[in-house]
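> Structure for the following, please:
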Amino acid sequence: MTPQTFSVSGWQVLVVGAARSGVAAAQLLARRGASVTLTDRKPDIPGAVELRAAGVRLELGGHTMRSFESANLVVMSPGVPLELPEVSRARALGIPVIGELELASRWLRGPIVAITGTKGKSTTTTLVGRMLEAAGRRVMVGGNIGYPVSAQVEASTADTVHVIEASSFQLEATDTFRPWIAALLNFSPDHLDRHPDAAAYAAAKTRIFANQQAQDWAVVNADSAEAMRMSRQTRAQVVRYGVDHTNEADIHAGRGFVWQRTSDGEVPLLPLAAVQLSGRHMLSNVVAATAISHLAGATDASLARALDGFTGLAHVMEPVGRRGGVRFVNDSKATNIDAAARSIESFDKVVAIVGGKFKGGDFADLAAPLRAHGRAVVAIGEARSLVRAALAEVVPVVDADTLADAVRKAWDLAVPDGVVLLAPACSSFDMFVDYADRGTRFKEEVQRLIAER
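Numbering: from 1, shown residues only. Presented below is the predicted three-dimensional model:
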């Protein structure tokens, strides 16, 4: 399917979910000639006046079965589960149900670079965008980070590289989505509050490869046995990268460089001295971005230029401040157990703030990194009892009712020379708007504590 052949002109299209992706999809569809209804269970949404002015009909305060039954196409915002009874009814009637990513990709004119994985997506996606921009390519970065892909369509040209962070929620509702370069960074169970089990979560992630052909590329982490297994069925050419299993990797780190293995020997691509990020998992993200960007045409010089001054994203292994000998680090985006484990392993004498709204997994998986690197845990949120039950025999576990309380208790435990690390291993929705709100609040509390001196 090409941008010229897909048309919604004259269609009745229902967009489900009025978060940013759903709003962008509704606006795009209206511009493309569809009669659009945007439905959401919330009684009020931001931008309602502008949406109505654009010709979008709003159905707020709940979904009506009639809207689903009368649609020619249903477009799902990634935050809305596909298991809604109204969605099942639409499918039973033969009405196509697709996601916002699928919709937008049908109108993109330039090549797609798509990146997924349980952790590291945002950092890797951002780095790829920087590396390709440094190489002189016209780049648009978005998807699960930055702008929704639907907001990129009108500016898309044949020479635009669309670098897309793709979540499992976006990928599970794809049909024809075909990246030129698709990357799977890693896999561990996550979002089990939304997906019925780990197998369903893996199946959603694997859809990133579903429509690739022999002329496309699949970039896969050789250090992740699950990622390697999930990529076996791809028809694309596979490039493996790694930090640990370097013998199995085509692009790997070691001896001061990121190297490319070729038939003529190893070629240095990027000096590791250019990397200003902490943690082995962050180095893995850099190697992944190098592999992806090199395939997309970035030169060695542009790879290094892109890293100049890049110290990471907000809420991702973000240094926050210091009081005395105690450092504070914000990794609020570590919203699953595996990500929290990698974060803890990046420091010593760690007092980790863990907890929130439980998404599945086993907090006991944090035991090994805490034994090696931890000093204590401060448990917060709905998952406090689960955290305590899993880890109280490994390190001291202290409960905190608020984030302010958690920061102060963690500092007491970290004195004189520890690291207070926000690595929640949970979503934020029990106490905060999202992970960014949680991270921002953490930084504010740290600054209050530092100012008390």
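> Could you check how far stretch 197-212 is from the centre of its chain?
A distance of 15 Å separates the centroid of the chain from that of stretch 197-212, by CA atoms, centre = their mean, to the nearest Å.
> For it, which outside residues touch it?
Identification of contacts with stretch 197-212 by CB atoms under 8 Å, 6 or more residues apart in numbering yields 114, 116-117, 166, 168-169, 171-172, 174, 176-179, 182-184, 187, 189-192, 195, 218, 226, 230-231, 233-236. C-betas here are computed from N, CA, C, even on glycine.
> Need the nearest residue in space to the residue positioned nearest the centre of the chain, chain neighbours excluded.
For the chain, residue 121 is the residue whose C-alpha lies nearest the centre (CA atoms, centre = their mean; 4.5 Å). Nearest non-adjacent residue to residue 121, counting by CB to CB, 6 or more residues apart in numbering: residue 165, 4.7 Å away.
> List buried members of the contacts of stretch 197-212 by neighbour count.
Restricting these to buried positions leaves 114, 116-117, 166, 168-169, 171-172, 174, 177-179, 182-184, 187, 189-192, 195, 218, 226, 230-231, 234, 236, with burial counted as 16 or more other CB atoms under 10 Å.
> quick one, what contacts residue 293?
127-128, 131-132, 135, 302-303, 306.
> rewinding a little: tell me, how many residues neighbour the residue nearest to residue 121?
Applying other CB atoms under 10 Å, we find 24 residues neighbouring residue 165.
> pretty sure it contacts residue 149?
No: Residue 165 is beyond contact range of residue 149, at 9.9 Å (criterion: CB atoms under 8 Å).
> list the residues that contact both of these two?
Contacts common to residue 165 and residue 149, judged by CB under 8 Å, 6+ apart, are 142-143.
> Now intersect the buried ones among the contacts of stretch 197-212 with the helices, please.
Applying DSSP state H to the buried ones among the contacts of stretch 197-212, the entries found in helices are 168-169, 171, 226, 230.
> Let me see the contact set for residue 19.
With CB under 8 Å, 6+ apart, residue 19 has these contacts: 77, 79.
> do residue 131 as well
Here residue 131 is in contact with 289-290, 293, 298, 302-303, 306 (CB under 8 Å, 6+ apart).
> Using the three-state scheme, assign it.
Here residue 131 is helix, with the state taken from DSSP: H, G, I helix; E, B strand; the rest coil.
> hey, what's residue 419 bridged with?
Beta bridges link residue 419 to residue 327, residue 350, judged by DSSP bridges.
> Next, count neighbours for it.
Around residue 419 there are 23 residues (other CB under 10 Å).
> again, but for residue 277
19.
> Ok, residue 308 next?
Neighbours around residue 308, by other CB under 10 Å: 10.
> Repeat that for residue 421.
Neighbours of residue 421 (other CB under 10 Å): 28.
> before we move on, what about residue 10?
9.
> From what I see, it and residue 32 are in contact.
No: with contacts counted by CB under 8 Å, residue 10 stays clear of residue 32, the gap being 10.4 Å.
> Do I have it right that the residue nearest to the centre of the chain meets residue 144?
Yes: counting by CB under 8 Å, residue 144 is a contact partner of residue 121 at 6.7 Å.
> Give me the common contacts of those two.
Contact with both residue 121 and residue 144 is made by residues 165-167, according to CB under 8 Å, 6+ apart.
> ok, residue 110 - contacts?
138, 140, 156-162.
> Now for residue 175: which residues touch it?
Counted by CB under 8 Å, 6+ apart, residue 175 has contacts 96, 98, 102.
> Can you tell me the closest non-neighbouring residue to the first one?
Closest residue to residue 96 in three dimensions, ignoring its sequence neighbours and counting by CB to CB, 6+ apart: residue 73, at 5.3 Å.
> quick one: pLDDT of the one you found?
On pLDDT, residue 73 comes in at 98.
> Would you list the phi and psi of the spatially closest residue to residue 249 that is not a sequence neighbour?
Distances taken as CB to CB, 6+ apart place residue 242 nearest to residue 249, at 3.5 Å, with adjacent residues excluded. Phi and psi for residue 242, reported as degrees, to the nearest 10, are phi -170, psi 160.
> That concludes my questions; thank you for your assistance.
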